[in-house]
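Student: Sequence below, structure please.
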Amino acid sequence: MKIEIRDEFIKLGQAMKLAGLVDEGVEAKFAIQNGEVSVNGEPETRRGRKLFKGDVFSWNGEQVEIGGQDGSD
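Tutor: Next comes the predicted model:
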């Protein structure tokens, strides 16, 4: 799966919501705090982790790539 962002970065919790993996921010918060989410293959526990174009995060069997809407991806 790939999500497109308009800005330079998106925070991990926001990206999880944008990708439709969680309905509520609190779901993302607990999944991240529990070490269930990885970014670029490494476990991540910071909900505010900035994701940039080209980064990949995964949770619960889903892998999501960050892309850009400006054609630079």
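Student: Would you pull up how far the lengthiest helix in the chain lies from the middle of the chain?
Tutor: As assigned by DSSP state H, the longest helix anywhere in the chain is helix 25-33. Centre-to-centre, helix 25-33 and its host chain are 11 Å apart (C-alpha atoms, centre = their mean, to the nearest Å).
Student: can you check stretch 39-49 too?
Tutor: Taking mean C-alpha positions (C-alpha atoms, centre = their mean), stretch 39-49 and its chain are 8 Å apart.
Student: Equivalent analysis for stretch 6-14, please.
Tutor: 8 Å.
Student: follow-up on the earlier one: can you name every helix or strand that the longest helix of the chain contacts?
Tutor: Judged by 3 or more C-beta pairs under 8 Å, 6 or more residues apart in numbering; DSSP states H and E, helix 25-33 is in contact with helix 12-18. Any C-beta I mention is one placed from the backbone N, CA and C, and that applies to glycine too.
Student: what sits up against the helix it packs on?
Tutor: Residues from elsewhere that reach helix 12-18 (C-beta atoms under 8 Å, 6 or more residues apart in numbering): 3, 5, 10, 22-25, 27-29, 31-32, 37, 39, 44, 46-51, 57, 59, 64, 66.
Student: which among those end up buried?
Tutor: 3, 5, 10, 22, 28, 31-32, 37, 39, 44, 47, 49, 51, 57, 59, 64, 66 (16 or more other C-beta atoms under 10 Å).
Student: burial count for the closest residue to R47 other than its chain neighbours?
Tutor: Excluding the flanking residues, the one nearest R47 by C-beta to C-beta, 6 or more residues apart in numbering is G13, at 4.3 Å. Neighbour count of G13, defined by other C-beta atoms under 10 Å: 21.
Student: The one 4 residues further on now?
Tutor: Residues near K17, counting by other C-beta under 10 Å, number 16.
Student: Check K53 too.
Tutor: 18.
Student: Pull up the gap between the nearest residue to it once chain neighbours are set aside and L12, please.
Tutor: Leaving aside its chain neighbours, K53 sits nearest to G68 (4.5 Å; criterion: C-beta to C-beta, 6+ apart). Distance of G68 to L12, computed by C-beta to C-beta, to the nearest Å: 17 Å.
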